[in-house]
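1. Sequence plus the predicted model coming up.
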Amino acid sequence: MISKFIFWLLALIIFGALAFFGIQYKETNPNLFYLVEGVAVLALILFITLYRRLIRPYKIITDGMALLQEQDFSTHLRLIPDSEANKLIVVFNKMIDSLKEERVQVREKNLFLDLLIQASPQGVIILDFDEYITEINPAGLKLLTVSDKNELIGKKIKDTNINIRHFLAKLQQGDNIVIRESGITAYRCVRSSFIDRGFDHPFILIEELTEELLKIEKNSYEGIIRMMAHEVNNSIGAISPTLSVVSDIFEENVDQKYAYVLSAVSASLERCRHLGEFISNFAQVVKLPEPHKTHVDLNELVKSAEALTGIECQNRNIKLDLQLCKEKCIALADAIQIEQVLLNVIKNAYEAIGEDGIIRIETRLEPLSITISNNGPEFTEEVKQNLFVPFFTTKNSGQGIGLMIVREILKNHQINFKFYSESGWTKFEILFL
């Protein structure tokens, strides 16, 4: 705009000076007057021509640069009656069209990518260069049980309340691992990255594998248990009657010389009985009946479990602290199976405490739940990860099936449960949703 103003100011000054100079000779020298006025007109024509050939194309190009700066790719430059300038304008307009098309394609790709991320069944957490969360899709919110993504946006993973934040925060580029949340829910977590506008954007993919792993585990241990039960029962079925006959013979023909054999036979019979019970415990997992659901009062189930475990807790100087809801907590469940769940969890609690401690059992209406807490030693992270894995046990004489039965019963009931530590308490929460 300033260049145009200066150009026409200069034209006006030159034209005005020539015109004024010519007027001075209008009366005294008409020929000189006409000559000077003719030069003035020629100067004006020259300025107009220069404007059309130089200043106007320059102005158009300047406007085009402004359009580029504002990223306005919808406006084209108009052609002017000058072949040389038009070549430049045509090239500029083609560049504008290319940029517009590229921008549309980028927007379409970004929109498609956004829609794909939002619709993905896998959880996606996108981070910025400084490891702050910039986006998380609905599947990620659901998998990580987060109700509002604004609770996470702008935070580092380690500073959030995500249950598996400690595992996610430690992931490095290219890591592909399976995480078990307290040994119950399993996730496959993959960390990778993409380049956008010259910056590296890390992202984490989260996929729940709980159902798949449970099916694989169940098929595996059911096959193992059936094979073990078949072989052991066949062996016991052949050995026990033989030992009984031998025992009867020695009892009828008492001979001090072979008295030690009688005790060995009795011990072998007892061992066969224990082995049969051992296999029967395993078989319970495979033969769990479908739950017969009725309306049961959770408070009454807790009281029944207290009556069955109270003596053992007293012997260990462990206090059973019941904090029951004042109203009835009615749930649709198999009373016998849920009672078995409570007994197994309480047994694990007092065995974890050993002696001198507290087991607290709470019932709540909102949400409808039972929480069993104990103030014994906290489990290590390794134990938490494997606690509900079949045949895993921390006890020397354990079989690793108590919590496996708990898991199967609650899974058959489609009841959610959580196992975690909080403020010095180890808690097992059963949620009747």
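-> Ah, there it is. From a predicted model like this one, the values you see are computed outputs, not experimental measurements.

2. what about the strands in the stretch 151-300 of the chain?
-> Using DSSP state E, counting those that start in this stretch, the strands of the stretch 151-300 of the chain run over 176-181, 185-196, 199-208, 294-297.

3. what's the longest one in contact with?
-> Counting by C-beta atoms under 8 Å, 6 or more residues apart in numbering, strand 185-196 makes contact with 143, 164, 167-168, 171-181, 200-210, 213, all of which sit outside it. Backbone N, C-alpha and C define where each C-beta goes, glycine included.

4. how far out from the middle of the chain is stretch 344-357?
-> For stretch 344-357, the gap between its own C-alpha mean and the chain's C-alpha mean amounts to 33 Å (C-alpha atoms, centre = their mean, to the nearest Å).

5. Please identify the buried residues of that stretch?
-> Residues of stretch 344-357 classed as buried under the neighbour-count rule (16 or more other C-beta atoms under 10 Å) are Asn344, Val345, Ile346, Lys347, Asn348, Ala349, Tyr350, Glu351, Ala352, Ile353, Gly357.

6. could you redo these as JSON lines and give each row pLDDT?
-> Shown next, in JSON lines, are the buried residues of stretch 344-357 (pLDDT from 0 to 100):
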{"residue": "Asn344", "pLDDT": "86"}
{"residue": "Val345", "pLDDT": "90"}
{"residue": "Ile346", "pLDDT": "92"}
{"residue": "Lys347", "pLDDT": "89"}
{"residue": "Asn348", "pLDDT": "85"}
{"residue": "Ala349", "pLDDT": "89"}
{"residue": "Tyr350", "pLDDT": "90"}
{"residue": "Glu351", "pLDDT": "87"}
{"residue": "Ala352", "pLDDT": "85"}
{"residue": "Ile353", "pLDDT": "90"}
{"residue": "Gly357", "pLDDT": "92"}
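
7. Columns distance to Thr371 and secondary structure on top of the residues you listed, output as a markdown table?
-> Listed next are the buried residues of stretch 344-357 as a markdown table, based on distance: C-beta to C-beta, whole Å; DSSP: H, G, I helix; E, B strand; the rest coil:
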| residue | distance to Thr371 | secondary structure |
| --- | --- | --- |
| Asn344 | 15 | helix |
| Val345 | 10 | helix |
| Ile346 | 12 | helix |
| Lys347 | 17 | helix |
| Asn348 | 14 | helix |
| Ala349 | 12 | helix |
| Tyr350 | 16 | helix |
| Glu351 | 19 | helix |
| Ala352 | 16 | helix |
| Ile353 | 16 | helix |
| Gly357 | 16 | strand |
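
8. May I see those organised as CSV, with distance to Gln414 added?
-> Shown next, in CSV, are these (distance: C-beta to C-beta, whole Å):
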residue, distance to Gln414
Asn344, 19
Val345, 18
Ile346, 23
Lys347, 24
Asn348, 23
Ala349, 24
Tyr350, 28
Glu351, 28
Ala352, 27
Ile353, 31
Gly357, 32
